[in-house]
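Undergrad: Return atomic coordinates for the entry below.
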Amino acid sequence: MGVRGLTSYIAQRAEIYLKPFELHSSALVIDGDNLACNLYKDVTGSYSAFGGDYDDFYRAVVQFFQVLAECSIRPYVLMDGGYEERKLRTVATRLRGKISVIKKINPNDSITLFPLHLKEVFVDAVRDCGVPVMRCVFEADDELAALARKLNCPVLSYDSDFYIHNVKYIPLITLTVKVLTKQMKDKSKANRDSRDLRRNEAKHVKKRTAANKIVGGIQAAAQVDRHTGNAETYKYLDCCIYRVSHLCGRGTLSAEKLPLFAALLGNDYIARSAFRNFFAAGMGKAGRSRKLKQQQKRIQVILKWLKEETAESALAKVLSRLKKSQRDSLVSQVNAAISGYSNELCHAYDFFDEHYENAFPYVEPASEGEISDEEDLDASDEDVYEEGEGNVDQPEENEAPEDQEADSGEDEEEEVEVEDKTLLFPQWFLKKLYPANLSRYFVDLIHLRKYINNPQIEHFPYHDSNELALPILNYVFSLLHHVEGSKTEPQLDEEGSPLPIEFTYLTRAIRVTNVKYLKMPIEKEPEYSFEPSCPDARHLRFIFESNLPHVETEKLFRKLENLPEDLRLYFLAIIYWLHRSEHCDQLHLHALLLCLIALRTIDVTIPAEREVKAFHKRFGKILKQERSVRDRESAEGIKRGIKSSLLELSVPDRMPHVPKSDCYLTQERLLPHFHMQEIFKKKFDLYSSTVIHAFAEFQAVVYQLNGLNALLDLPLPSPRMNQLFCGAFVYNMYDLLRNRTDVRYHIENFLLPDSKLMFDFYCYLFDWCAQFIPHWKEVEVDESAAKAIQKKRLKKQRQAARKAEAKESNADTNANLVKDAEPEDDFYDLNNKFCALRVA
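TA: Got it, this is the predicted structure:
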């Protein structure tokens with residue numbers, strides 16, 4: 001949610017509010033969406049302009065959790081679910097901000113726009129690390145706080161809401177992801193010493209907050225200090241921890257006023273402008289210091305004012321400065337925020353306990369200091385709310401009917417929403433949602449009947465990239481409302497006619513920095529019944545039968561069995577994209593296939609290294625040895641082939657047997673293409689958003705097909721985008737191949753000449769796709785062009801021969817005379833007329 005300005009305020013006073021902490025041998029509740037976004041910003045940098053480098057991001061996530069495991073930390077990851085009605089205004093505002101970014105995208109900008117499959121790749125990496133993960137129904141903040149209190153462990157996030165929640169909170173900005181080692185004898189004193197941050201530590205926190213740099217290089221290898229003797233050691237991560245008592249314990253603010261304090265500052269649910277009259281008349285001046293920003297001054301003034309007020313008197317004074325028409329809505333919003341900050345329900349604990357063995361190895365009892373702090377906070381809460389219950393809550397109940405639209409129905413369902421929001425959803429849906437198999441937009445489709453289309457990096461004058469996949473999304477919506485045994489009945493209009501069942505599609509307008517709202521009624525009812533416990537896989541086939549008239553669907557799904565299982569859904573998306581998109585051609589397909597081979601084969605076989613200098617430093621000897629061996633074989637006329645034992649296997653089955661030497665040599669050729677071209681740093685206008693738009697459409701098709709596939713309980717394995725797609729690489733491949741007349745020849749001789757197995761696999765995949773390429777995108781073989789290529793090759797050969805002859809003919813004609821001359825003979829330079837005058 002976020003409390004505006006509070007993060008900077010705490011960071012500037014880190015020595016007051018934060019305490020040093022050693023994180024090890026404990027449970028840790030992690031805000032998954034927050035960690036994913038911050039890791040992606042740190043890892044990819046400016047490469048977000050190419051649609052997402054999922055391979056680098058996946059490795060960073062895996063390394064992060066490997067570091068936690070090395071310090072015996074048991075993490076629990078919670079992902080956000082759908083949006084609540086009261087947050088839609090904030091969502092629309094942020095959507096406009098994203099639209100303005102893609103309107104003037106520049107590959108050199110540091111602005112990060114998160115790619116479409118970011119959260120899915122993050123969940124894949126978390127699962128691969130064996131870490132418990134769960135998707136919440138709505139925003140995960142309340143569930144994170146409740147689970148942390150239940151386990152008595154810290155929350156790791158970078159959300160200012162946790163400065164208000166009564167939990168131990170580790171700001172992600174303070175975590176040094178580097179394993180440190182200390183003697184065991186110091187362990188008992190490590191986290192009990194309540195020392196303040198040193199001045200240099202506080203400056204470091206402030207500096208990292210200002211730079212918004214979360215993880216400054218993940219180091220899994222332990223830094224071992226030299227200790228004398230045989231003392232036992234332990235590993236830990238250095239960080240800072242915050243407790244509510246740090247803010248409330250200085251006599252500035254009491255715990256019961258924290259939700260009102262956060263509301264006055266403004267968050268995603270309450271706009272700061274709602275309190276404009278109150279700040280102007282009731283708060284006085286915010287000070288004249290030029291070093292502090294306006295929001296920082298406002299925080300100081302609010303803290304000073306709340307110190308002299310009770311919770312009920314403060315709220316009464318705030319309401320007195322508002323218009324009567326605004327009071328009803330504001331009271332309900334403040335109380336909704338208060339209920340969110342004090343929610344104690346925890347579905348995550350039950351889910352982890354049921355689905356993971358030994359789910360909670362670390363459950364620590366609260367220390368005496370923590371118990372006393374909580375008792376003091378609870379006691380103060382009870383005193384205040386018993387006194388102010390009639391004055392604060394009663395107006396909400398009495399005035400709710402007058403402003404139903406502003407409250408969005410929260411007052412009528414307050415007990416349901418506050419106590420158990422999961423009651424709003426059917427049980428079958430929760431079973432699919434909790435394991436994070438379904439994306440968060442499924443919650444919006446069921447609860448709000450809305451789909452928020454976050455734009456990708458795409459060409460602004462075109463329609464949004466997700467428009468290509470709208471038939472798939474519409475069919476998913478149709479399935480959700482045609483569940484066997486509980487179909488949604490349409491509402492009736494004034495004349496008694498049924499109204500269409502529809503959802504609202506929020507997306508960007510064309511050529512305008514604005515959001516448009518489209519009503520999307522159900523186009524086609526499901527061809528087959530939808531039983532959630534045993535869904536029919538034929539729904540996936542029906543998408544192609546109804547939307548791709550030029551594809552032989554029966555043949556497509558029969559030929560699909562010839563592909564590896566993990567590629568089948570991905571190649572279904574390729575065929576759908578080739579037929580529906582107006583902006584892609586076969587060059588886009590070539591780029592996707594080469595990226596697939598590089599990530600799925602090379603990165604799996606050898607250690608992934610993206611920096612050219614580091615690659616040569618690490619594997620330079622291997623490259624030199626293997627290159628010399630192959631050059632010698634080539635000089636001797638020995639042609640490298642495929643082992644006879646591998647020839648018996650099908651082409652896809654040969655890929656796990658690709659030699660490491662092939663991977664090293666091929667990676668050396670492909671490595672420069674994983675980085676942004678240097679020319680863009682000088683002439684960024686050469687960057688083509690139209691090329692990116694075609695790949696953005698493809699990502700949207702994969703995303704929607706994967707969502708339908710997950711709803712049907714995964715009849716096909718979900719595509720692993722970290723092994724399939726790298727935005728910078730596919731863009732560079734397209735740019736490299738678009739000027740090649742014979743693409744296959746260039747790939748064979750310049751990109752994959754060191755691996756016959758990889759080239760055969762590339763040919764196999766392209767030939768599979770060629771059966772289903774639409775006829776209007778087939779490239780006719782131009783015989784004149786082929787002849788021109790052959791002539792060009794012969795011309796180069798003749799030029800090389802002439803250069804060799806010229807080199808021999810240009811040799812010094814007097815070289816033999818000099819070579820045969822005796823040492824004592826006089827030398828006469830024929831080119832020097834004064835040589836004969838030399839004195840003996």
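
Undergrad: In stretch 65-85, which residues are buried?
TA: Buried residues in stretch 65-85, defined by neighbour count with 16 or more other CB atoms under 10 Å: 65, 67-68, 70-71, 73-84. Glycine gets a C-beta too; all of them are placed from N, C-alpha and C.

Undergrad: In helices, which of those appear?
TA: 65, 67-68, 70 (DSSP state H).

Undergrad: Output those residues in a markdown table, with distance to residue 432 and pLDDT appended to each entry.
TA: Output for those, formatted as a markdown table (distance: CB to CB, whole Å; pLDDT from 0 to 100):
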| residue | distance to residue 432 | pLDDT |
| --- | --- | --- |
| 65 | 25 | 95 |
| 67 | 32 | 94 |
| 68 | 28 | 94 |
| 70 | 34 | 94 |
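
Undergrad: Could you dump those into a markdown table and include distance to residue 467?
TA: Below are those laid out as a markdown table (distance: CB to CB, whole Å):
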| residue | distance to residue 467 |
| --- | --- |
| 65 | 37 |
| 67 | 41 |
| 68 | 41 |
| 70 | 46 |
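
Undergrad: With respect to residue 50, which of those residues is nearest?
TA: If you rank these by distance to residue 50 using CB to CB, residue 65 comes first, at 26.1 Å.

Undergrad: what sits against the closest residue to that closest one other than its chain neighbours?
TA: The shortest distance from residue 65 to any non-neighbouring residue, by CB to CB, 6 or more residues apart in numbering, is to residue 129 (4.2 Å). Residue 129 makes contacts with 61-62, 65-66, 69, as judged by CB atoms under 8 Å, 6 or more residues apart in numbering.

Undergrad: Would you report the backbone torsion angles of residue 677?
TA: Dihedral angles of residue 677 (phi, psi; degrees, to the nearest 10) stand at phi -70, psi 140.

Undergrad: got the phi/psi numbers for residue 555?
TA: phi -70, psi -40.

Undergrad: How many neighbouring residues does it have?
TA: 11 (other CB atoms under 10 Å).

Undergrad: Compute the distance between it and residue 712, please.
TA: To residue 712, residue 555 is 22 Å away according to CB to CB, to the nearest Å.

Undergrad: For residue 751, which non-adjacent residue is closest in space?
TA: residue 669 (6.2 Å).

Undergrad: nope, residue 499 is what I meant
TA: Using CB to CB, 6+ apart, the closest residue to residue 499 is residue 491 (4.8 Å).

Undergrad: Mind pulling up the pLDDT for the closest residue to residue 516 other than its chain neighbours?
TA: Closest residue in space to residue 516, ignoring its immediate chain neighbours: residue 509 at 4.4 Å, by CB to CB, 6+ apart. Residue 509 is assigned 91 on the pLDDT scale.

Undergrad: so where do the strands sit in this structure?
TA: With DSSP state E as the criterion, the chain has strands at 19-23, 27-31, 74-79, 133-135, 155-157, 169-171, 176-183, 219-223, 233-241, 450-452, 502-508, 515-521.

Undergrad: which stretch in these is the model least sure about?
TA: strand 219-223 (a mean of 54).

Undergrad: quick revisit: quick check: phi and psi at the residue nearest to residue 499.
TA: Torsion angles, degrees, to the nearest 10, at residue 491: phi -80, psi 160.
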